[in-house]
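Novice: Can you look at this prediction? I've put the sequence above it.
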Amino acid sequence: MLSHTIEMISDRLLAQLMRQRRLHEQAERSCKGILCSDCQKHPKQKIHLAISEQRPLILILPAFPAKSANREKTLSEKPDRGEIMGLENLNQLCKDMSAIYQPGVKLIICSGKADSRR
């Protein structure tokens with residue numbers, strides 16, 4: 001793949017990710033958002049490498065909020081509307097990114113605890 005094509009695809013994928021980014025309000029005041037070179041550097045390197053190697057882009061989301069296993073702390077064992085909306089948003093992000101980059105995107109969601117009954 002040509003380097004300018006890799007660069008163009010990397011920029012488009014990074015823009016998709018950066019639009020989904022949420023910051024603490026204090027960080028938001030000091031960051032240039034989507035244009036922040038400090039925030040772009042590491043993910044852009046990883047995206048660029050995956051594209052250069054023509055492999056799926058792997059995204060890892062640590063500590064995605066999940067329903068407590070303790071039934072006393074929840075109304076139902078089923079996902080609530082906030083959880084559903086969050087997963088729908090992540091699913092759409094993966095679809096949008098896969099439309100840009102054909103090897104696709106794999107999202108791995110890591111929960112915060114192995115046993116959240118406490």
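Specialist: That came in fine, so what should we check first?
Novice: quick one, which residue of this structure lies the farthest from its center?
Specialist: For the chain, the largest distance from the centre (C-alpha atoms, centre = their mean) belongs to residue 72, which lies 30.8 Å off.
Novice: Can you check the pLDDT for it?
Specialist: Looking at residue 72, its pLDDT is 79.
Novice: Just say helix, strand or coil for the residue lying closest to residue 58 once chain neighbours are set aside.
Specialist: Spatial nearest neighbour of residue 58, excluding adjacent residues (C-beta to C-beta, 6 or more residues apart in numbering): residue 106 at 4.9 Å. All C-beta atoms are positioned from the backbone trio N, CA, C, and that covers glycine. Assigned by DSSP: H, G, I helix; E, B strand; the rest coil, the conformation of residue 106 is strand.
Novice: Next up, the contacts around residue 106.
Specialist: Contacts for residue 106 (C-beta atoms under 8 Å, 6 or more residues apart in numbering) come out as 56, 57, 58, 59, 94.
Novice: Where does the last one sit, in terms of helix or strand?
Specialist: Put plainly, it is residue 94. According to DSSP states H and E, residue 94 maps onto helix 81-100.
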